[in-house]
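Asker: Just a sequence and a predicted model for now, questions to come.
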Amino acid sequence: MKEIKLTQGKFAIVDDEDYNYLSRFNWNLSSTASGSERALHAIRVGDKVVYIPMERFILGSPSENSQSKQYIHLNNDNLDNRKENIRLTDIGIRVHHSVKMGTNSGKKYSSKYKGVCQSQKDKGLNRWRAYISDSNQKDLRGNKLQIKIGSFETENGAALTYNKKAIELYGEHAYQNIII
């Protein structure tokens with residue numbers, strides 16, 4: 001495992017076998033408003049600049065007929081570009097694999113875990129609910145089916161059950177809450 005220097009003093013992790021090839025290019029750190037970071041290489045095409053993510057240099061571009069495919073990083077660290085950490089998968093699984101965006105800590109019924117909340121109905125009972133979206137099934141409106149997993153005495157218990165259901169639905173691509 002080696003590090004490729006990016007702009008802004010950051011580094012991307014790559015396999016030893018990919019280091020010599022990737023280190024020939026200049027890599028930029030791209031950050032989104034949500035805090036997600038990626039390593040991109042800029043290429044001039046005519047009068048436009050196109051940014052190509054490092055994972056495409058490593059695993060190649062998805063075929064033209066796979067527009068519904070995207071790369072995911074299994075550990076959710078987009079700067080960890082070791083082959084064992086990158087998968088090409090359906091967009092629906094990519095959306096599921098994403099981390100919980102913020103904790104909504106100002107809201108009464110939020111949880112620090114993805115797929116867990118304390119419903120207003122359960123507030124007095126101090127119970128937590130676990131739920132998950134199944135991107136392979138649709139409800140009557142055509143939206144992803146929301147599956148209610150159950151009601152639990154503890155926030156951690158709900159998060160653990162979410163993790164089990166996520167593995168059942170998404171296998172190796174399942175997002176897993178880190179229980180603290």
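Answerer: Yes, it's here.
Asker: what about the top strand by length along the chain, average pLDDT?
Answerer: Once the chain is assigned using DSSP state E, the strand that runs over the most residues is strand 128-138. Averaged across strand 128-138, the pLDDT comes to 82.
Asker: Helix or strand with the lowest mean pLDDT in the chain?
Answerer: helix 91-97 (a mean of 54; mean pLDDT, DSSP states H and E).
Asker: Could you list every helix and strand in contact with the helix or strand just after that helix?
Answerer: Moving toward the C-terminus from helix 91-97, the next helix or strand (DSSP states H and E) is strand 116-117. Counting contacts by 3 or more Cβ pairs under 8 Å, 6 or more residues apart in numbering; DSSP states H and E, strand 116-117 packs against strand 128-138, helix 155-170. The way it works is simple: take the backbone N, C-alpha and C, and place the C-beta from them, glycine included.
Asker: Kindly provide the whole-number mean pLDDT of strand 116-117.
Answerer: Predicted confidence along strand 116-117 averages 89 (mean pLDDT).
Asker: tell me the contacts of the closest residue to Ser31 other than its chain neighbours?
Answerer: The spatially closest residue to Ser31, leaving aside those adjacent along the chain, is Glu37, at 5.1 Å (Cβ to Cβ, 6 or more residues apart in numbering). Contact criterion Cβ atoms under 8 Å, 6 or more residues apart in numbering gives Lys10, Leu29, Ser30, Ser31, Asn78, Leu79 as the residues in contact with Glu37.
Asker: out of these, which are inside strands?
Answerer: Leu29, Ser30, Ser31.
Asker: With respect to Arg44, which of those is nearest?
Answerer: Top of the list for closeness to Arg44, among the ones in strands among the contacts of Glu37 and by Cβ to Cβ, is Ser30 at 16.9 Å.
Asker: tally of neighbours for the closest one?
Answerer: Counted with other Cβ atoms under 10 Å, residues neighbouring Ser30 total 16.
Asker: what do you get for Asp139?
Answerer: Taking other Cβ under 10 Å as the criterion, the count of residues near Asp139 is 10.
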